[in-house]
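Peer 1: Sequence first, predicted coordinates after that:
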Amino acid sequence: MNQLQEFRKQKDQYFHRHAHSPLTAEQKAAFKGLNYFPENPALRFELEIEEFEEQAHIQMQTSTGDLQNYTRFGKVKFQVGGENAELTLYSGEHGFFLPFVDSQAGEITYGAGRYLEPEALPNGKLLLDFNMAYNPFCAYNENFSCPLPPAENRLSIAIQAGEKNFK
């Protein structure tokens, strides 16, 4: 079992059994595992971060109408299937945060978007692995408050990696 498969197995166990799982008792009883795209090595990138000269503090609206604080840190550029893409990278109290919506949102992927927590590498680059893209807890339970990806992080391309819609 590779690292991604092991991670997914552990996540499924957490969702199924843990007291802090976002799933309701009813959902846990019927839970057979989360729905994922197959691993896609082409959607794992080591990217330069283009830091913004002015790193503005912003408030991101959440699914419940609350606001959460982040800093617009910079942007990353990459290609998917020969098409150029760009996303804004945010920083928060737990490190880098990359909320995004792709062209499959509402059909194959969660309509309100998915998240990544990219890793800063020792070489100054950013590891952006879309295979680790996940749905926010509000995708499973409306009692959770989740930041909504800003308009600048809406992609016109499909990111066929990570979690799919929850059934």
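Peer 2: That came through fine.
Peer 1: Quick check: chain neighbours aside, which residue is closest to residue 139?
Peer 2: Spatially, and ignoring its direct neighbours in sequence, residue 139 is nearest to residue 110 (4.6 Å; CB to CB, 6 or more residues apart in numbering). For every residue, glycine as well, the C-beta is placed using N, CA and C.
Peer 1: Ok, residue 77 next?
Peer 2: What sits nearest to residue 77 in space, not counting adjacent residues and going by CB to CB, 6+ apart, is residue 86, at 4.9 Å.
Peer 1: Ramachandran coordinates for the one you found?
Peer 2: As for residue 86, its main-chain torsions (degrees, to the nearest 10) stand at phi -150, psi 140.
Peer 1: And the pLDDT at it?
Peer 2: As predicted, residue 86 sits at a pLDDT of 97.
Peer 1: same check, this time on residue 93
Peer 2: With respect to pLDDT, residue 93 has a value of 87.
Peer 1: Check the spacing between it and residue 77 real quick.
Peer 2: 26 Å (CB to CB, to the nearest Å).
Peer 1: More neighbours: which of the two?
Peer 2: residue 77 (13 against 8; other CB atoms under 10 Å).
Peer 1: I'd like the distance between residue 100 and residue 62.
Peer 2: Distance from residue 100 to residue 62, by CB to CB: 16 Å.
Peer 1: actually residue 75, sorry about that
Peer 2: Distance from residue 75 to residue 62, by CB to CB: 23 Å.
Peer 1: tell me which residues of the strand ranked longest in the chain are tucked away?
Peer 2: For the chain, the strand that runs over the most residues, judged by DSSP state E, is strand 67-80. By 16 or more other CB atoms under 10 Å, the buried positions in strand 67-80 come out as 68, 70, 72-76, 80.
Peer 1: I'd like those written out as a markdown table, with pLDDT and distance to residue 161 added.
Peer 2: Below are those laid out as a markdown table (pLDDT from 0 to 100; distance: CB to CB, whole Å):
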| residue | pLDDT | distance to residue 161 |
| --- | --- | --- |
| 68 | 95 | 25 |
| 70 | 97 | 23 |
| 72 | 97 | 24 |
| 73 | 97 | 23 |
| 74 | 97 | 22 |
| 75 | 97 | 20 |
| 76 | 97 | 15 |
| 80 | 96 | 9 |
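Peer 1: Fine by me, we can end here.
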